[in-house]
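Asker: let's see this in three dimensions:
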Amino acid sequence: MRAEKNVSDTFSRSHPIADTVAPHFELAYMTVFRPFAAACCLLLSACALAAEPLLPQLQAYETDDSWRQPVSPFPLADNSWYIGTGTISAVLVKTPQGAVLIDGGLPQAAKMLLQHMHELGVQPGDLKLILSSHAHIDHAGPLAEVKRVAGARVLGNAESAVLLARGGSDDIHFGEGLTFPPVSVDRIIMDGEVVELGGMRFTAHFTPGHTPGSTSWTWHDQHDGKTLRIAYVDSLSTPGYRLIGNPRYPHIVDDYRRTFAVVRALPCDLLLTPHADGSGWTPAVTAAPHPKPMTCRAYADGAEAKFDAELNKQREARR
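Answerer: Okay, here's the model as predicted:
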């Protein structure tokens with residue numbers, strides 16, 4: 001009520017007829033102007049909370065809006081941050097000697113990634129290493145541009161190095177349909193190799209199937225004073241893949257089988273996947289971005305069940 005009293009007092013000191021007018025003025029303020037002001041405040045607040053604009057579509061590869069909807073970075077652990085979009089993951093790990101980026105999303109996400117890094121106090125020159133899950137447009141798309149701006153080194157296995165250098169061209173399953181800016185790998189890694197930066201140790205686990213070079217990554221971080229074993233596990237899906245008699249990938253079924261076993265055995269307190277919703281994440285819901293946590297074993301079991309169903313379907317179709 002203090003503000004309303006001040007309005008009436010000010011009016012009274014300025015006008016001799018205030019004794020009759022001021023009560024009406026105060027009534028008008030209370031019934032018209034104050035609600036109007038409150039509505040304006042609510043409108044401004046809503047605008048401030050509005051989501052960032054969608055990243056543009058690519059003419060050659062249109063996606064769901066959630067793949068292109070930026071979300072505010074949020075912490076996964078003391079040093080690990082989610083900086084991707086509504087359903088396409090990108091993870092930034094900060095260390096005293098620089099930062100590590102794991103995956104990037106679509107090609108048009110490069111500027112968003114650099115902006116999210118800046119918001120977390122990571123300048124382009126602070127990014128030292130880029131790791132990836134697999135060489136598809138929706139995960140490796142912006143890596144060439146981020147590497148160019150930041151000068152970071154890209155690490156990958158020999159299979160991924162070839163696929164990344166081709167920028168998705170001559171893909172085993174998609175041909176020329178899903179190309180992205182080619183990026184060169186600066187260091188070839190081996191299965192089980194540990195990559196270290198600033199006291200953070202990232203272990204490479206070869207998990208071929210989704211692509212011949214698919215790689216999953218594990219590392220330890222801290223959360224609430226306890227060690228957290230984080231697993232960034234590559235996709236295990238078979239989107240339109242030929243699983244039987246594939247001349248470009250003769251041992252694709254064997255690779256998937258081995259990969260399911262590897263994933264089940266990973267150290268895995270917190271599971272992340274290239275498609276965030278594939279492991280129970282909803283990054284766009286900032287108040288509760290991980291409503292349905294999933295174990296690595298459950299992730300592998302679910303993927304293998306779908307794999308078996310698709311394999312049986314293709315076998316039946318050949319009869």
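Asker: make it CA atoms for all contacts and neighbour counts henceforth
Answerer: OK.
Asker: pLDDT weak spots in this structure?
Answerer: 1-51 (pLDDT under 70).
Asker: centroid-nearest residue for it?
Answerer: Centroid check for the chain by CA atoms, centre = their mean gives Ser89 as the closest residue, at 2.1 Å.
Asker: that one and Tyr82 touch, don't they?
Answerer: Yes: taking contacts as CA atoms under 8 Å, Ser89 lies within contact range of Tyr82: 7.1 Å.
Asker: ok, the residue nearest to the centre of the chain to Leu164 distance?
Answerer: 18 Å (CA to CA, to the nearest Å).
Asker: give the next helix or strand downstream of the lengthiest strand in the chain.
Answerer: When the chain is parsed with DSSP state E, its longest strand is strand 215-223. Going down the chain from strand 215-223, the next helix or strand is strand 226-232, by DSSP states H and E.
Asker: show me where the stretch 101-250 of the chain has its strands.
Answerer: In the stretch 101-250 of the chain, the strands defined using DSSP state E, counting those that start in this stretch lie at 127-131, 153-156, 187-188, 194-197, 200-206, 215-223, 226-232.
Asker: dump those to JSON lines, plus distance to Gln59 and mean neighbour count.
Answerer: Listed next are the strands of the stretch 101-250 of the chain as JSON lines, based on distance: least, CA to CA, whole Å; neighbours: other CA atoms under 10 Å:
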{"stretch": "strand 127-131", "distance to Gln59": "27", "mean neighbour count": "22"}
{"stretch": "strand 153-156", "distance to Gln59": "27", "mean neighbour count": "21"}
{"stretch": "strand 187-188", "distance to Gln59": "33", "mean neighbour count": "13"}
{"stretch": "strand 194-197", "distance to Gln59": "37", "mean neighbour count": "16"}
{"stretch": "strand 200-206", "distance to Gln59": "33", "mean neighbour count": "21"}
{"stretch": "strand 215-223", "distance to Gln59": "29", "mean neighbour count": "21"}
{"stretch": "strand 226-232", "distance to Gln59": "30", "mean neighbour count": "19"}
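Asker: dump the ones you listed to a markdown table, plus distance to Gly278.
Answerer: Shown next, in a markdown table, are the strands of the stretch 101-250 of the chain (distance: least, CA to CA, whole Å):
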| stretch | distance to Gly278 |
| --- | --- |
| strand 127-131 | 20 |
| strand 153-156 | 23 |
| strand 187-188 | 28 |
| strand 194-197 | 26 |
| strand 200-206 | 19 |
| strand 215-223 | 15 |
| strand 226-232 | 12 |
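Asker: quick one: Val183 and Ala144 touch, right?
Answerer: Yes: counting by CA under 8 Å, Ala144 is a contact partner of Val183 at 4.8 Å.
Asker: what's the neighbour count on Ala150?
Answerer: For Ala150, the tally of surrounding residues (other CA atoms under 10 Å) stands at 16.
Asker: how near is it to Ala109?
Answerer: 15 Å.
Asker: and the longest strand of the chain, how far out from the chain middle?
Answerer: For strand 215-223, the separation from the chain centroid amounts to 15 Å (computed by CA atoms, centre = their mean, to the nearest Å).
Asker: name the residues that touch it?
Answerer: With CA atoms under 8 Å, 6 or more residues apart in numbering as the test, strand 215-223 has contacts from 77-80, 132-134, 157, 200-208, 227-234, 266-268.
Asker: contacting residues for Gly151?
Answerer: Pro124, Gly125, Leu127, Lys128.
Asker: check Glu145 too.
Answerer: By CA under 8 Å, 6+ apart, the residues touching Glu145 are Ala110.
Asker: how near is it to Pro124?
Answerer: In terms of CA to CA, Glu145 sits 11 Å off from Pro124.
Asker: ok, back up a step: adding distance to Ala305, write the contacts of Gly151 out as CSV.
Answerer: Below are the contacts of Gly151 laid out as CSV (distance: CA to CA, whole Å):
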residue, distance to Ala305
Pro124, 42
Gly125, 44
Leu127, 39
Lys128, 38
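Asker: am I right that Ala265 is in contact with Arg297?
Answerer: Yes: between Ala265 and Arg297 there is a contact under CA under 8 Å: 7.3 Å.
Asker: ok, those two, which is more surrounded?
Answerer: Higher neighbour count among Ala265 and Arg297: Arg297, with 17 against 11, using other CA under 10 Å.
Asker: doesn't that one belong to a helix?
Answerer: Yes: under DSSP: H, G, I helix; E, B strand; the rest coil, Arg297 falls within a helix.
Asker: skipping adjacent residues, who's closest to it in space?
Answerer: Excluding the flanking residues, the one nearest Arg297 by CA to CA, 6 or more residues apart in numbering is Arg264, at 4.2 Å.
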